[in-house]
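only geometry, no sequence info:
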């Protein structure tokens, strides 16, 4: 696993391993990869974690999942594929569907202190919040919150009610005058909040892996703050390195 992917959730490890095997010819284009059950046994992962990894790769055009037949290699990983190794950035490239997300709320909200600081706004300044539960194999696998300045949300179309059929990164790029240039992302483990427990149907005291990311444009403005809460029972932090 690369240094900048240290302590990544387990679904990222599955993605990276499958990509290495595609690159080295273990799984050539057109070949079938192991079943979800086999991958779960190999990586010690719950089925929703395996499904999430395969879905991410399918959205990027690397895999083709065929009902009743299995999962096949469609193409070699692209140079942009490494972006999905970062949990916060991965949500920016996701095309939402009614089956993959359950939108909880969208609208004008006062910015929490941490979000306001990242956006360069006063505490409790009005911002646009878009919050949804990510579903994998019909199981709540993540709680995503997207916080944007009101003008950014309006121009990019982040304020629509249903699933976004165009990925957030593309909406931001098309609406802004400046290029998106950098994402700062932090990952830590903590106890789930009451809101996270309810949305993700977590047990008492169950931890989450919390991702906080901020997206900057070429003018140095933070145009979006991304929060992702991953259930600790489904996503394990892992790393490997040479002694």
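Nice, I can see it. Bear in mind that the values here come from a model prediction, so they are computed numbers and not experimental data.

those helices in this protein, which residues are they?
10-23, 36-43, 47-59, 87-90, 113-119, 150-156, 168-175, 194-200 (DSSP state H).

Pipe these into JSON lines and attach mean neighbour count and distance to residue 131 per row.
(Glycine included, C-beta is placed from N, CA and C.) Output for the helices of the chain, formatted as JSON lines (neighbours: other C-beta atoms under 10 Å; distance: least, C-beta to C-beta, whole Å):
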{"stretch": "helix 10-23", "mean neighbour count": "20", "distance to residue 131": "21"}
{"stretch": "helix 36-43", "mean neighbour count": "15", "distance to residue 131": "28"}
{"stretch": "helix 47-59", "mean neighbour count": "22", "distance to residue 131": "19"}
{"stretch": "helix 87-90", "mean neighbour count": "22", "distance to residue 131": "15"}
{"stretch": "helix 113-119", "mean neighbour count": "17", "distance to residue 131": "12"}
{"stretch": "helix 150-156", "mean neighbour count": "18", "distance to residue 131": "13"}
{"stretch": "helix 168-175", "mean neighbour count": "18", "distance to residue 131": "13"}
{"stretch": "helix 194-200", "mean neighbour count": "16", "distance to residue 131": "8"}
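
So which of those is nearest residue 104?
Proximity to residue 104, assessed across these by C-beta to C-beta, is greatest for helix 194-200 (6.5 Å).

Mind giving me the packing neighbours of the closest one?
Using 3 or more C-beta pairs under 8 Å, 6 or more residues apart in numbering; DSSP states H and E, the elements in contact with helix 194-200 are strand 139-148, strand 222-231.

would you turn those strands into JSON lines with distance to residue 215?
Converted to JSON lines, the helices and strands packed on helix 194-200 look like this (distance: least, C-beta to C-beta, whole Å):
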{"stretch": "strand 139-148", "distance to residue 215": "9"}
{"stretch": "strand 222-231", "distance to residue 215": "4"}
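
where are the low-confidence patches of this structure?
For the chain, the stretches flagged by pLDDT under 70 are 1-8, 78-87, 236-241.

Show me it divided up by domain.
Split into domains by automatic domain parsing, the chain comes to 3-80, 88-231.

So for residue 243, which of those sits nearest?
Comparison of these against residue 243 by C-beta to C-beta identifies domain 3-80 as nearest, at 15.1 Å.

Tabulate the domains of the chain in a markdown table, adding columns for distance to residue 243.
Output for those, formatted as a markdown table (distance: least, C-beta to C-beta, whole Å):
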| stretch | distance to residue 243 |
| --- | --- |
| domain 3-80 | 15 |
| domain 88-231 | 24 |
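
check contacts around the residue lying closest to residue 122 once chain neighbours are set aside.
Excluding the flanking residues, the one nearest residue 122 by C-beta to C-beta, 6 or more residues apart in numbering is residue 116, at 6.3 Å. Applying C-beta atoms under 8 Å, 6 or more residues apart in numbering to residue 116 gives the contacts 122-125, 127.
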